[in-house]
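# Requesting a structural model of the entry that follows:
(chains A, B, C and D)
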Protein chains: 4
Amino acid sequence: MTSGESGGTVTERLNVVVVGAGYWGPNLARNFRAGSDWNLAAICDLDLERATRVADGVGGVPVVSELGDVLRDPRVDAIAVATPARTHHAIAMAALDAGKHVMVEKPLADTRARGVEMVRRAEERGLVLMADHTYCYTPAVLKIRELVADGALGDILFVDSVRINLGLIQPDVDVFWDLAPHDLSIMDFVLPGGLAATSVSAHGSDPLRTGKSCVGYLAMPLVGGAMAHVHVNWLSPTKIRQMVIGGTRRTLVWDDLNPQQRLSVYDRGVDIDAVSKVTTAHTRAANISYRLGDTWAPALPEREALGGVVTEFAAAIREGRPARTGGAAGLRVLSVLDAAASSLALSGGPQPVANDLEEVAA
Amino acid sequence: MTSGESGGTVTERLNVVVVGAGYWGPNLARNFRAGSDWNLAAICDLDLERATRVADGVGGVPVVSELGDVLRDPRVDAIAVATPARTHHAIAMAALDAGKHVMVEKPLADTRARGVEMVRRAEERGLVLMADHTYCYTPAVLKIRELVADGALGDILFVDSVRINLGLIQPDVDVFWDLAPHDLSIMDFVLPGGLAATSVSAHGSDPLRTGKSCVGYLAMPLVGGAMAHVHVNWLSPTKIRQMVIGGTRRTLVWDDLNPQQRLSVYDRGVDIDAVSKVTTAHTRAANISYRLGDTWAPALPEREALGGVVTEFAAAIREGRPARTGGAAGLRVLSVLDAAASSLALSGGPQPVANDLEEVAA
Amino acid sequence: MTSGESGGTVTERLNVVVVGAGYWGPNLARNFRAGSDWNLAAICDLDLERATRVADGVGGVPVVSELGDVLRDPRVDAIAVATPARTHHAIAMAALDAGKHVMVEKPLADTRARGVEMVRRAEERGLVLMADHTYCYTPAVLKIRELVADGALGDILFVDSVRINLGLIQPDVDVFWDLAPHDLSIMDFVLPGGLAATSVSAHGSDPLRTGKSCVGYLAMPLVGGAMAHVHVNWLSPTKIRQMVIGGTRRTLVWDDLNPQQRLSVYDRGVDIDAVSKVTTAHTRAANISYRLGDTWAPALPEREALGGVVTEFAAAIREGRPARTGGAAGLRVLSVLDAAASSLALSGGPQPVANDLEEVAA
Amino acid sequence: MTSGESGGTVTERLNVVVVGAGYWGPNLARNFRAGSDWNLAAICDLDLERATRVADGVGGVPVVSELGDVLRDPRVDAIAVATPARTHHAIAMAALDAGKHVMVEKPLADTRARGVEMVRRAEERGLVLMADHTYCYTPAVLKIRELVADGALGDILFVDSVRINLGLIQPDVDVFWDLAPHDLSIMDFVLPGGLAATSVSAHGSDPLRTGKSCVGYLAMPLVGGAMAHVHVNWLSPTKIRQMVIGGTRRTLVWDDLNPQQRLSVYDRGVDIDAVSKVTTAHTRAANISYRLGDTWAPALPEREALGGVVTEFAAAIREGRPARTGGAAGLRVLSVLDAAASSLALSGGPQPVANDLEEVAA
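Predicted coordinates:
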């Protein structure tokens, strides 16, 4: 640790190295550079020229091409991994073995089994393993989590997420692995108890014959009877990023592309009070009525989500606790993606979701 | 037939009786009353008081409580049925046997098997059997059909329909049978060759334990590789009625609740030309690029869809031809709904869709 | 009066004749026909064929071509005038002299002076003279009035109304007289104490050289220091109907063409508390700060405004009191329009607004 | 000039110093730093600490506190001024006298008379004087200019601009001088021949008694009969940035806060062909009809406007020509603001606009 500059009690800055100087690396570098938690010790990339460009963009930091050099350096406290998903496991395992805390870009790994190994290794070593589920740190998602936790929506009835975007067809992953981690990590973050899907049915379509799904749907019955559903789509030029969370008390709509009113909370819905006392399904149906209430759009601050990510990473390390979007959260996302891949292979039949560490070990 | 009033060539008005004076009957009555094709001969409902209210609402026409009286009246050319779905089969069969042309509110029947009987009976008797797929006659859907037929969208890659609405939980049908006929009949109307689903996976949720699905999803791979998908939802207070049709040349978005711009055609998308020549999936993926073009919103006239429905019904009778949304279209919708019910019973596993008359007969 | 049908206490229905069977007449006829306050006694129009069409549209009522016959009929309690504005004065004066209550489509008359005569005559005869300011009876405007009255917005700082619509260029009125009565009557209805403009500056444009303004702006400083402003426009194909009311506590936006969220109340604004204690303007400016709060969209029932108009007309007659949008309100609108015409003739220089009956009499 | 890095022909980079390290300075610094036209030689601010922060933000450049030092440095080709408007004149005059090209943040100066001096001085010295009318270099405004120039809208009938924003009440300028330069400079940029207002009527409101207008309206009849109008408002929490340009052929709506569809071109409007042959106003009005056509939203690239500003500044210097938004454009904006101030002092009466350099000299 290097000495921080904040007056009064001197806090040591943590030293971090950003591994991977591609699309996401510059954003990580910029955010580690800002604030007083971190000292950005280096940018690491096999392509030194690329690393240098990122380093210059934040005012100049050392660059290094060999990950081994980073891991051997005792001054380095942590690494932040922004490389392709298939390399996450090897890099993270090596770093954990070298005693470094690790943050990994989503998805945590490219299979659930590898994610389980990473989570276990971090536990064994007493190190922080954090998933960079950036969306969870946006003001909108933080507010959604708060509203759900406070009971503002009542019991959750359904969660429906749509993420449509003309996107580059990725060379090594399909639309589920590319886009759905966003939706799944958000659901995991805002639902009480996390994303507890009992099964997943995945429906994919590859109408351009690219060898992988470009349009995808995930249907996930949740423990307790609610339904979660995700629609991800690479083939549409209309950008849609919308999530609807229906509850017994209120319904919330998050329209991320409407900066004027991202969140709307509808104080309308099924009047469940009349329902709760009757027992037969038919009588319940006959007794359900509707309330027409006001709509309410909470004010949201303007704040960069990634700033919250690096702050949480530092806090988890300092306080010796799991990160808010820790390895377990990353694993729950992988569990769904793995089950979805199985379902896809079976033409959409429902597949069970491994929901905890032990279950898979068996 | 009674004598029409249009000058020059005298056209006989066709005599129609509206059967069912509930929610939809008054709209049918009003539209049969307008224009010069039809003479609204009577309103028929077991509840004469209800029939009288509808009759008064259109300036006064006879009312009758017994369907038998209507069917025995040789002056009656046709009936329009607006009763609950479970009664469609009996009423339509009796009417066809009495030599009357029949139009039936959606869905055509409450099972595919009954729909098949109705279609066959109409064919045997040489009578018109028409499904009142009202949405197909809206200016927006007529324009979509025209754009697809003209190749403006290119080959269809996916069709995604969302219909969300705080709706009354119906006593005898679930959300699929209540709402999805709209989406399915529209898809059938606008897709070249109709809705040719190879299978259906249905996912439903009943979080209020009413005994039936209140939130539902249908995934339907289409012949040729595209995907059709429907989301119907009774539990959300936010009204959404949106359909996205993605094609190789352009993508169309229909937002029915935006009267200022219901249809948007995006001249953007995957640049398929580069793709068509390469053969391996991996090379294809690597060669796909994107075009960023303009958006275009076709002007739509303001016109009541039901007016188009009754006009088409009259034209089909006069010209001795099947109606545009005839029994066959109604049957294709029932085929999907039947398969969906089977899929639901199997927790969402894909079920084949019976796609023509013979197949089922076997 | 004829005997009403409501059980218990028998209320006499009031007899009304709709005068004028043009664009607005059918709407009046339909609403007088509905409900239990009124008996629609006849439709009166010089063009009997036109009158008959309107009469048939509501299930058949008598038609009459001579206004004199209507006014001489002692059974007629009231007339509702839907003829061109230039005829309002003569018809209303004759009706008042014949002892009939009168409701007049907006604007009350074609000059302020004529409006004053009408108001005085109604007062002398003890009869109700009501302006059909339909918009004031929409759920949105009723809610705005309530919010302003309850102090939810605080002190009003500005009112800005925009009404843009590709409209037929009227043969005898300009865009101010055609469209601005809507905005002015709404402002008069919702502002505490009515629309109290100290002066009007009118700016018009006639770029197509039609002989009258097709684009118009009204700037109206209000008593107390706030500003009211109206933009009316016949030449734009984009429909805009929007009013912003800024207050010291909250700001309200009414977007009438957004049926999903017509009213939005922003709990944000200038933090006036810090301001109120300082005295010099410069210090005040330096002390003004801003609050960023939630947005709130009140639920609005779906209800036809004109139903509220005819109900209020009946209630005012029965209770022997002025109508809510009575002659005085109609007169305040005319006062602004008259001053605007003077301002226009002076290239937009501000003109005083006659604000009460006496002032003009002088 | 320092030597540029672009291969082939070596282009000398121009040396620029950014004067003023407040709100806008960092943006200028960043854009001068990017690209190959400029060498950012220094940041100049009396407050060296502030200057250093800006310099660090772009990777480190020299800082200087004395403008005189900058002007005496023969290597400096140009300065970019981002200081308060009241200081523009003194700084620009000194820089021009020192032989430096000058770019000035909007507005060009704090009075028209001072702007005239600046324009004349630049002409005399053969130097570029450019107004940083940033909005004119946005993809949206560039496209509007192109559409108007190509005749896509036909003859312009009206231009209406609204700019509403909860804004800090400025210590030394009112809402007209703070916000309207945006609208006026855009109008000047897109209208053929620039903004040729024959007069200005300004209506301002200061309901919080801050000593200056916080809500303002400008009505500006244009040469040729069209009307331009601006609404600027500091007191509303709803952000609105919208411009409607109505033409005889089409109407364009620019909604800057709708990133999904900033520009909409409506192929609807008054059918002027029928009008052009008739001569009397009354006959013209009777012959005007309407077309209902499609809407079209041109694709716009994503590009930072300020990058275009600094490129244009360099190109004007290299080519020895006036900049696209040169001193003359800045002066036309000042002419309107000056006339507006006079109109305000006269309670909104129309004031003539000085439209060229000579007129004012007299």
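# show me the biggest helix of chain A in terms of residues.
Secondary structure of chain A per DSSP state H: the longest helix is helix A:327-345.
# Who does the helix or strand following that one pair with, and is each partner parallel or antiparallel?
Next helix or strand after helix A:327-345 toward the C-terminus (DSSP states H and E): strand A:351-352. With DSSP bridges as the test, strand A:351-352 is paired with strand A:199-205 (antiparallel).
# quick check: angle from the partner strand to helix B:327-345?
The directions of strand A:199-205 and helix B:327-345 differ by 140 degrees, with axes from the mean of the first three to the mean of the last three CA atoms, to 10 degrees as the criterion.
# Could you pull up the mean pLDDT of strand A:199-205?
What strand A:199-205 shows for mean pLDDT is 97.
# Tell me which residues of it come out buried.
A:Ser199, A:Val200, A:Ser201, A:Ala202, A:His203, A:Gly204, A:Ser205 (16 or more other CB atoms under 10 Å in any protein chain shown). Yep, even glycine has a C-beta here, placed from its N, CA and C like the rest.
# Close to chain D: what parts of the stretch 251-362 of chain A are there?
On the criterion CB under 8 Å from any CB of the partner chain, chain D has as its neighbours in the stretch 251-362 of chain A the residues A:Leu257, A:Pro259, A:Gln260.
# rerun that using 10 Å as the cut-off
A:Leu257, A:Asn258, A:Pro259, A:Gln260, A:Ala299 (CB under 10 Å from any CB of the partner chain).
# Looking at the residues you listed, which is nearest chain C?
Distances from chain C to those, taken as CB to the nearest CB, are shortest for A:Ala299 (5.0 Å).
# can you count the residues close to the closest residue to A:Ser185 other than its chain neighbours?
Ranked by CB to CB, 6 or more residues apart in numbering or on different chains and with sequence neighbours excluded, the top spatial neighbour of A:Ser185 is A:His133, at 3.8 Å. A:His133 has 28 neighbours, counted by other CB atoms under 10 Å in any protein chain shown.
# Would you agree A:His133 is in contact with A:Leu108?
Yes: using CB atoms under 10 Å, A:His133 is in contact with A:Leu108, at 9.3 Å.
# tell me, what's touching those two both at once?
Common neighbours of A:His133 and A:Leu108 are listed as A:Pro181, A:Ser185, A:Thr325, A:Gly326, A:Ala329, A:Gly330, A:Val333 (criterion: CB atoms under 10 Å, 6 or more residues apart in numbering or on different chains).
# Does the residue in chain A positioned nearest to chain D fall in a helix, a strand, or a coil region?
Nearest residue of chain A to chain D, counting by CB to the nearest CB: A:Gly59, 5.6 Å away. In three-state terms, and counting by DSSP: H, G, I helix; E, B strand; the rest coil, A:Gly59 is coil.
# hang on, the earlier thing: just the CA atoms of the longest helix of chain A, as PDB, please.
This file holds the C-alpha atoms of helix A:327-345, laid out as PDB (Å, rounded to 0.1, in the frame of the first residue of the first chain):
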ATOM      1  CA  GLY A 327     -18.100 -14.300  -6.400                       C
ATOM      2  CA  ALA A 328     -21.300 -15.900  -5.200                       C
ATOM      3  CA  ALA A 329     -23.300 -13.400  -7.300                       C
ATOM      4  CA  GLY A 330     -21.100 -14.000 -10.300                       C
ATOM      5  CA  LEU A 331     -21.700 -17.700  -9.800                       C
ATOM      6  CA  ARG A 332     -25.500 -17.400  -9.700                       C
ATOM      7  CA  VAL A 333     -25.300 -15.700 -13.000                       C
ATOM      8  CA  LEU A 334     -23.100 -18.500 -14.400                       C
ATOM      9  CA  SER A 335     -25.500 -21.100 -13.000                       C
ATOM     10  CA  VAL A 336     -28.300 -19.700 -15.100                       C
ATOM     11  CA  LEU A 337     -26.100 -19.300 -18.200                       C
ATOM     12  CA  ASP A 338     -24.900 -22.900 -17.900                       C
ATOM     13  CA  ALA A 339     -28.500 -24.200 -17.500                       C
ATOM     14  CA  ALA A 340     -29.500 -22.100 -20.400                       C
ATOM     15  CA  ALA A 341     -26.900 -23.700 -22.600                       C
ATOM     16  CA  SER A 342     -28.200 -27.100 -21.600                       C
ATOM     17  CA  SER A 343     -31.800 -26.000 -22.400                       C
ATOM     18  CA  LEU A 344     -30.700 -24.700 -25.800                       C
ATOM     19  CA  ALA A 345     -29.200 -28.000 -26.600                       C
END
